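K.L.:
Requesting a structural model of the entry that follows:
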Amino acid sequence: MNAVAVQALPDVHADGDGRGVALDAVGVSGVTFPVSVLAGDGSEQPTVAEAQLTVALGAEVKGTHMSRFVEETATLGPITPATVLALCDSLRARLTSTSSQVLIRFPLFLNRPAPVTGLTAPHRYDAWFGASSSDTQTARIHVGVRAAVTSLCPCSREISDYGAHSQRGHVEVEVEAPGWRDGESIWPQELFDYADGAGSAQIHPLLKRPDERAVTMRAYDNPAFVEDIAREVVLAVKADSRCAAWSVTVVNQESIHDHQAIARVCGRR
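P.N.:
Got it, this is the predicted structure:
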């Protein structure tokens, strides 16, 4: 096959625009690609990432160059918040923009043993790194996770002659971690541990009957409203000096109601 001759094609994106409207963010979302994620112990876990990459666009410019966003992800090595920030800076420079934003989401797995039998299986949780870079403001780096927990209703246990209803909850915790600029790290696994320990009981990928009995009784002994879970996560995050700001959202998928229960709290040091 003959190579396609390079032609001087018009660059419509670079045309001027006279409407006087600047755009806060333009770019691409839903970009998926294989990556490896670095862990706190130096190991790498292969996974698949989905990215949203944007830059600010001046009022005088018609459009940005979308292909350049994808080109930048093609050379991305093992990802950490620091490399995500470097990607953010690179996008801003390459697209000659005043600001840029990067959000990269990916699943991670840990080997979780059952509480009695010790049988182990991979347990999934979702994580993300985010960064923003600007000509006028200090760059920001965010680390977040979404973890599943069991929640047993304290009210149900108190008013029932026997039993209590329980449900699965999901905890999302995101923190601003400025220490990455100075080499001080906070890793998704650590945030997962904060969320994972705040419910009535942990979620397990593999349970035999003795394990199921243990998990059921642990939840009964540790009832928690959605409000309780949110507060416990916040206390753990606030005690970690590496977290400059935080956002915690807990959603319980109620088992006896046709709605969900939700609690959310944000804070900053």
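
K.L.:
only C-alpha atoms for contact and neighbour calcs from this point on.
P.N.:
Fine.

K.L.:
Please, which helix or strand holds the most centrally placed residue in the chain?
P.N.:
Compute the mean C-alpha point of the chain, and by CA atoms, centre = their mean the closest residue is Trp128, 3.0 Å away. With elements taken from DSSP states H and E, the one containing Trp128 is strand 120-134.

K.L.:
Low-confidence regions, the stretch 1-150 of the chain specifically.
P.N.:
Low-confidence segments of the stretch 1-150 of the chain, defined by pLDDT under 70, span residues 1-7, 13-14.

K.L.:
Try it again at 50.
P.N.:
Low-confidence segments of the stretch 1-150 of the chain, defined by pLDDT under 50, span residues 1.

K.L.:
Which parts of it are helices?
P.N.:
Taking DSSP state H, counting those that start in this stretch to define them, one finds helices in the stretch 1-150 of the chain at 66-74, 81-94.

K.L.:
Out of these, which gets nearest to Asp41?
P.N.:
Using CA to CA as the measure, helix 81-94 is the one of the helices of the stretch 1-150 of the chain that comes nearest Asp41, at 15.1 Å.

K.L.:
Tell me what angle the closest one forms with helix 66-74.
P.N.:
Orientation check (axes from the mean of the first three to the mean of the last three CA atoms, to 10 degrees): helix 81-94 against helix 66-74 gives 150 degrees.

K.L.:
Buried residues of helix 81-94, list them for me.
P.N.:
When neighbours are counted by 16 or more other CA atoms under 10 Å, the buried residues of helix 81-94 are found to be 81-82, 84-92.

K.L.:
what do you get for stretch 176-189?
P.N.:
With burial defined by 16+ other CA under 10 Å, the residues of stretch 176-189 counted as buried are 176-180, 186-189.

K.L.:
Between its first and last residues, how far does it reach?
P.N.:
From the first residue to the last, stretch 176-189 extends over 15 Å; the measure is CA to CA, to the nearest Å.

K.L.:
Could you measure from Glu184 over to Thr83?
P.N.:
In this structure, Glu184 and Thr83 are 14 Å apart, going by CA to CA.

K.L.:
Return the residues in contact with the closest residue to Ser134 other than its chain neighbours.
P.N.:
Nearest-residue entry for Ser134: Ser99, 4.1 Å, with adjacent residues in sequence omitted and distances by CA to CA, 6 or more residues apart in numbering. Contact criterion CA atoms under 8 Å, 6 or more residues apart in numbering gives 55-56, 92, 132-135 as the residues in contact with Ser99.

K.L.:
which residues in the stretch 51-200 of the chain form strands?
P.N.:
99-113, 120-134, 140-152, 166-176 (DSSP state E, counting those that start in this stretch).

K.L.:
Tabulate the ones you listed in JSON lines, adding columns for distance to Val265.
P.N.:
As requested, the strands of the stretch 51-200 of the chain are exported to JSON lines (distance: least, CA to CA, whole Å):
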{"stretch": "strand 99-113", "distance to Val265": "21"}
{"stretch": "strand 120-134", "distance to Val265": "19"}
{"stretch": "strand 140-152", "distance to Val265": "14"}
{"stretch": "strand 166-176", "distance to Val265": "10"}
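
K.L.:
Identify whichever of these lies nearest to Asp24.
P.N.:
The minimum distance between Asp24 and these falls on strand 99-113, with 8.5 Å, by CA to CA.
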